[in-house]
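Engineer: coords please:
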Amino acid sequence: MDFGLTGRNALVAGGGRGIGKAIARALAGEGCDVAIAARTSSQVEDSAREISGQTGATVIPMVMDALSTEQVNRTVDAAAERLGGLHILVNSASHPGGAADAIGYIETVNEESLLSDFDVKYVGALRLSRAAIPYLKNAGWGRIINISGGNARNAGNLSGGARNVALVHQTKTLSIDLGPHGITVNCIHPGATRTERTPGMQAAQSRDLGISPEELERRQFAPGAASGNAVGRMIEADEVGYLAAFLASDKAAAITGEVISAGGGIGSAVFY
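Structural biologist: Okay, the predicted model is just below:
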């Protein structure tokens with residue numbers, strides 16, 4: 001299937017590693033030229049070289065902090081100028097799960113960390129979308145893809161859950177505003193996803209339990225486990241990337257204002 005992405009230009013915020021990097025790779029593999037933005041210069045430069053080498057696409061590294069409106073505006077303008085326009089924006093800039101002191105009990109939650117989490121993920125996505133929308137309107141075609149998270153559907157994480165829900169609301173609101181301009185806006189809920197951070201986290205957890213990382217993962221995704229899912233395994237970051245590439249494509253023109261989970265069928269709740 002031809003996704004019709006050849007010649008499209010994309011900006012992936014948070015594209016230096018993890019799910020954002022996997023999405024950038026998927027878009028580049030489908031023929032997009034891509035700018036990837038993150039806070040760490042060496043990270044985005046290394047990732048840009050890697051993705052370009054794998055796909056042959058133009059991949060431009062850009063340094064940006066989503067907390068800064070000035071940096072966001074400058075980055076979006078520069079990406080559009082260097083790529084020759086902008087068609088696709090992926091908002092994936094955030095700390096997965098939220099700051100450690102913002103996710104616990106209300107008695108101990110750190111308000112500054114909580115507000116910072118919201119500022120990066122929710123307001124950061126708003127900043128980026130606001131800056132990119134004029135370019136998408138000018139192109140007469142556009143895609144905005146927000147990376148939220150499965151915590152939106154589960155109580156217990158005061159930061160991750162609440163900001164993910166808020167991002168879903170932003171997604172629906174923008175989809176209504178932008179639909180007449182040929183722009184779709186959708187949201188992806190990743191579940192437990194394997195990224196560069198996973199081996200280190202598994203090594204530490206397995207040491208504490210006195211088991212191997214492989215056994216740890218088997219237990220985590222066993223039927224009935226808290227993080228278990230229907231497919232019985234951790235989701236690969238590239239699998240989230242494939243979904244994002246489809247949502248960015250011409251073939252997904254009828255899908256907007258929606259949330260799609262890429263967690264392998266986590267949970268038993270029915271969403272309709």
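
Engineer: Need the outlier residue of this protein, farthest from its centre.
Structural biologist: Among the residues of the chain, the one whose C-alpha is farthest from the average of all C-alpha positions is residue 210, by CA atoms, centre = their mean at 33.1 Å.

Engineer: Let me see the contact set for it.
Structural biologist: Listed by CB atoms under 8 Å, 6 or more residues apart in numbering, residue 210 has no contact partners. All C-beta spots, glycine's among them, are computed from the backbone N, C-alpha and C.

Engineer: Quick check: it vs residue 106, distance?
Structural biologist: 33 Å (CB to CB, to the nearest Å).

Engineer: Repeat that for residue 137.
Structural biologist: Note on residue 137: its distance to residue 106, by CB to CB, is 42 Å.

Engineer: repeat for residue 168
Structural biologist: Residue 168 sits at a distance of 22 Å from residue 106 (criterion: CB to CB).

Engineer: Same question for residue 93.
Structural biologist: Distance, residue 93 to residue 106, using CB to CB: 27 Å.

Engineer: got it, and residue 200?
Structural biologist: From residue 200 over to residue 106 (counting by CB to CB), the distance is 30 Å.

Engineer: quick one, which of these two is more surrounded?
Structural biologist: Applying other CB atoms under 10 Å to residue 200 and residue 106 shows that residue 200 carries more neighbours, namely 9 against 6.

Engineer: what helix or strand does the more buried one sit in?
Structural biologist: Secondary structure assignment for residue 200, by DSSP states H and E: helix 198-209.

Engineer: Near residue 91, how many other residues are there?
Structural biologist: Applying other CB under 10 Å, we find 30 residues neighbouring residue 91.

Engineer: ok, it - contacts?
Structural biologist: Residues in contact with residue 91 (CB under 8 Å, 6+ apart) are 13-14, 124-125, 128-129, 144-147, 167.

Engineer: for the residues you listed, which one is nearest residue 196?
Structural biologist: Of all the contacts of residue 91, the one sitting nearest residue 196 is residue 14; the distance, using CB to CB, is 12.9 Å.
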